[in-house]
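Trainee: model this:
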Amino acid sequence: MKHRPTKPKKVLCHQGKNLFGSDFLQALAMREEAVRNGKLTTIIFIRTTNSRGQEISGYIDYAYRLETEDFEPYFRRKKRLLPKPADLSYYNWETQTATSNPTPNFQVISDSEAGLLFKNKRDRKVINVDPKAKDLGDNSSRLEIQSPEYTQIVIYDHTTRRNL
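Mentor: Model prediction:
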């Protein structure tokens with residue numbers, strides 16, 4: 001039997017950071033390990049203003065952002081997490097700029113009746129992010145977080161059933 005070298009355990013971005021007083025950063029920290037190891041996929045909806053004072057909103061694939069961006073500045077409170085045009089969905093309310101993009105974890109579905117939906121690529125389950133929807137989808141939950149730094153934050157968690 002061959003011995004497989006074990007990968008050194010990755011230090012989580014939130015470790016050693018003082019997150020006291022920020023329910024949002026605490027919620028992200030609480031999910032970081034499960035999202036990184038693939039047991040949980042999380043979509044973050046943010047509505048806020050950008051540096052130009054323009055209202056923007058968008059849906060962020062937390063796992064994809066963790067993979068492609070350094071989250072240390074967010075957990076150290078040096079940067080605010082903002083939606084970007086490359087995220088799952090982005091809208092600038094002043095310029096009327098709208099984008100939607102698939103990620104390795106989610107496919108974006110625009111439905112004329114249901115609105116914006118996200119299909120998890122691992123288990124193919126659909127997440128309905130409409131706040132008026134009675135059913136978010138299988139294995140999904142919705143958490144609204146209050147923060148003085150943002151107009152609105154909603155976290156959608158989706159637990160995948162498939163083994164990794």
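Trainee: what ranges in the protein fall below the confidence cut-off?
Mentor: Low-confidence segments of the chain (pLDDT under 70): 1-10, 161-164.
Trainee: for it, which helix is longest?
Mentor: Determined from DSSP state H, the single longest helix within the chain is helix 23-36.
Trainee: now do the buried residues in the following helix or strand past that one.
Mentor: Downstream of helix 23-36, the next assigned helix or strand under DSSP states H and E is strand 40-49. Residues of strand 40-49 classed as buried by neighbour count (16 or more other C-beta atoms under 10 Å): 40-48. The way it works is simple: take the backbone N, C-alpha and C, and place the C-beta from them, glycine included.
Trainee: quick one, strand 40-49 and helix 23-36 angle?
Mentor: Inter-element angle recorded for strand 40-49 and helix 23-36: 150 degrees (by axes from the mean of the first three to the mean of the last three C-alpha atoms, to 10 degrees).
Trainee: can you list contacts of strand 40-49?
Mentor: For strand 40-49, the external contacting residues (C-beta atoms under 8 Å, 6 or more residues apart in numbering) are 28, 31, 34-35, 55-63, 80-83, 88, 105-106, 118, 120, 122, 127, 129, 149-160.
Trainee: C-terminal to that strand, what's the next element?
Mentor: Taking DSSP H and E, what comes next after strand 40-49 is strand 55-61.
Trainee: mind listing the strands that following strand pairs with, and their directions?
Mentor: Under the criterion DSSP bridges, strand 55-61 sits next to strand 40-49 (antiparallel), strand 89-92 (antiparallel) in its sheet.
Trainee: could those strands go into JSON lines alongside distance to residue 75?
Mentor: What follows is these, written out as JSON lines (distance: least, C-beta to C-beta, whole Å):
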{"stretch": "strand 40-49", "distance to residue 75": "14"}
{"stretch": "strand 89-92", "distance to residue 75": "23"}
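Trainee: minimum distance to residue 143: which of those has it?
Mentor: Closest to residue 143 of the strands paired with strand 55-61, according to C-beta to C-beta: strand 40-49, at 9.8 Å.
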